[in-house]
Every structure is written in structure tokens, then in C-alpha cells.
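*Asks:* need a structure here:
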Amino acid sequence: MHADTNEYRRGRKVSEEKQTSTLHLIEKRTEKRVLVNVPVEVTALDEVGKPIAERSFLEDVSDLGCRLTTHGPMKQGDTIALKILNRDGNDLPGCEQLLYEIMWVAPKVRGQTVGARLLQGEKLASSTFPLQKGKEKHYGK
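*Replies:* Model prediction:
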């Protein structure tokens, strides 16, 4: 990879000068992505199979997957469970864990951004997300 280009998983190369924003790349996807800031609990298995949970925020969702930042070690191919939380960080009544496969990992200064594909559960893009105490937002088609 050249210093002035970035490679993307789908095989596109975009020069640094031609990049406009992450939002621009999201808009080029075939499925509709919704930018969100939703608290979640992420559960993964460590190298010995012990479950590790951390709190994070979904950054965008679609019918096929989501993007979020994590601090624990994750790699492509890992399976994670996501559970939507309310704004106070507590369990959201009636909300089940959803299983996702990590499709890509991009390191950040603190943690990493991961893209995950839905394996099992209700599509997040048609879920109801909490905005603040007592208020909800529905992202449906």
C-alpha cells in the first residue's frame, strides 16, 4: 500500500487528497446506514474462552451490521454479542443480545473501530433506541 492511499476491504483505493469523509464512504454502501450514538454492552471471549464484557457506543447501523469502537482485543472473524442499553447504561427491558461477526478492525489511538455483520437476532436498523430518559427513537424503513 502506498503512503498516499488507503485500501478499503471492498478493494477500493482512495487517495488521501480525494477522501472527503467517512460519511461519504458510508453513503456508497448498498444498504442504508443510519448514524447513531447508542450505548451497548459488547461481550466477547478472551483467548481462553472466558467472556469479557465492555460498554461502548454504536456509531452506525444497517440491516446487515453495525460499526462501533471497542477497547478489548478483537480480530476479524470473532463473534461478539451486543445488547442495547438505555442512556444510563442499564439494561433496556425487552432487549435481547444480538450475535455479530467482526468483519474488519481498524486501530485507533485508544481502542479500535470494528465493523460487524449480524449473525442472529432482530435487525438493529429497525430497532427502537433510547434517546434520553423516557424518550425513544425508532429507526425503521
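*Asks:* show me where pLDDT drops low in this structure?
*Replies:* Within the chain, the segments meeting pLDDT under 70 span 1-29, 121-141.
*Asks:* how about the helices in it?
*Replies:* Assigned by DSSP state H, the helices in the chain fall at 22-27.
*Asks:* Which strand residues bridge the nearest residue to Gln120 once chain neighbours are set aside?
*Replies:* Excluding its sequence neighbours, the residue lying closest to Gln120 (Cβ to Cβ, 6 or more residues apart in numbering) is Leu99, at 4.4 Å. Every residue, glycine included, has its C-beta placed from N, CA and C. Leu99 has the following beta-bridge partners by DSSP bridges: Ala81, Gln120.
*Asks:* What number of residues are in the vicinity of Asp46?
*Replies:* By the measure other Cβ atoms under 10 Å, the count of residues near Asp46 is 10.
*Asks:* who touches the closest residue to it other than its chain neighbours in this structure?
*Replies:* Leaving aside its chain neighbours, Asp46 sits nearest to Ile52 (5.2 Å; criterion: Cβ to Cβ, 6+ apart). Ile52 sits next to 43-46, 72 when contact means Cβ atoms under 8 Å, 6 or more residues apart in numbering.
*Asks:* what are the bridge partners for Ile52, then?
*Replies:* With DSSP bridges as the criterion, Ile52 is bridged to Ala44.
*Asks:* Now do it against Glu31, distance only.
*Replies:* Using Cβ to Cβ, to the nearest Å, Ile52 is found at 29 Å from Glu31.
*Asks:* per-domain residue ranges of this protein.
*Replies:* For the chain, automatic domain parsing gives the domain ranges 1-30, 32-129.
*Asks:* Can you say which of these is packed in most?
*Replies:* Of the domains of the chain, the one with the most neighbours on average (mean count of other Cβ atoms under 10 Å) is domain 32-129, at a mean of 16.
*Asks:* Would you confirm that Leu35 contacts Asp60?
*Replies:* Yes: when contacts are counted by Cβ atoms under 8 Å, Leu35 is listed as touching Asp60 (5.1 Å).
*Asks:* any idea how far the residue nearest to Asp46 lies from Pro39?
*Replies:* On the measure of Cβ to Cβ, Ile52 and Pro39 end up 17 Å apart.
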